[in-house]
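Asks: Sequence plus predicted model, see below.
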Amino acid sequence: MGSRWLDQTARERPHFVEGLNAVSGGRIVPVPGGVLVRDQAGKLLGAVGVTGDTSDNDELVAVAGIEAAGLKHQVE
């Protein structure tokens, strides 16, 4: 899932995200900015994460880069 999903889940189920963060060694950042990358057929290729501005702007930059590469994005 993209990090926007994590952000929404952290608000709705904080204990779940706290547990997920604990088992990952603190490597979960539940804010928008991480976007899944898919090919034209919908196959998952990986993810792009951006930071440096507001989370919403970070996500917009990630989406723009993915689209510029001719790929599809998934934010949630």
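Replies: Happy to help now that I have it.
Asks: Give me the below-cutoff pLDDT ranges for the chain.
Replies: Judged against pLDDT under 70, the chain has no low-scoring part.
Asks: Can you show me the strands along it?
Replies: Shown for the chain, the strands assigned by DSSP state E span residues 34-38, 44-49, 72-74.
Asks: How about the contacts made by L71?
Replies: Listed by Cβ atoms under 8 Å, 6 or more residues apart in numbering, the contact set of L71 reads V37, R38, D39, Q40, L45. The C-beta positions use only the backbone N, C-alpha and C, and glycine is treated the same way.
Asks: should've said E59
Replies: E59 neighbours (Cβ under 8 Å, 6+ apart): S3, R4, P32, G33, G34, V35, V50, V75.
Asks: Pick the most deeply packed of the strands of the chain.
Replies: Mean neighbour count (mean count of other Cβ atoms under 10 Å) peaks for strand 34-38 among the strands of the chain, with a mean of 21.
Asks: Can you check what angle separates that strand from strand 44-49?
Replies: 150 degrees (axes from the mean of the first three to the mean of the last three Cα atoms, to 10 degrees).
Asks: picking that back up, so of the contacts of L71, which two are at opposite extremes in space?
Replies: Greatest spatial distance among the contacts of L71 (Cβ to Cβ): V37 and Q40, at 11.5 Å.
Asks: so what sits against both of those two?
Replies: Residues touching both V37 and Q40 (Cβ under 8 Å, 6+ apart): L71, K72.
Asks: Could you report the neighbour count for G70?
Replies: The number of residues packed near G70 is 8, by other Cβ atoms under 10 Å.
Asks: Find the nearest non-adjacent residue to it, please.
Replies: Spatially, and ignoring its direct neighbours in sequence, G70 is nearest to Q40 (7.8 Å; Cβ to Cβ, 6 or more residues apart in numbering).
Asks: and the one you found, what is it in contact with?
Replies: When the contact criterion is Cβ under 8 Å, 6+ apart, the partners of Q40 are G70, L71, K72.
Asks: what's the closest of these to V61?
Replies: L71 (14.7 Å).
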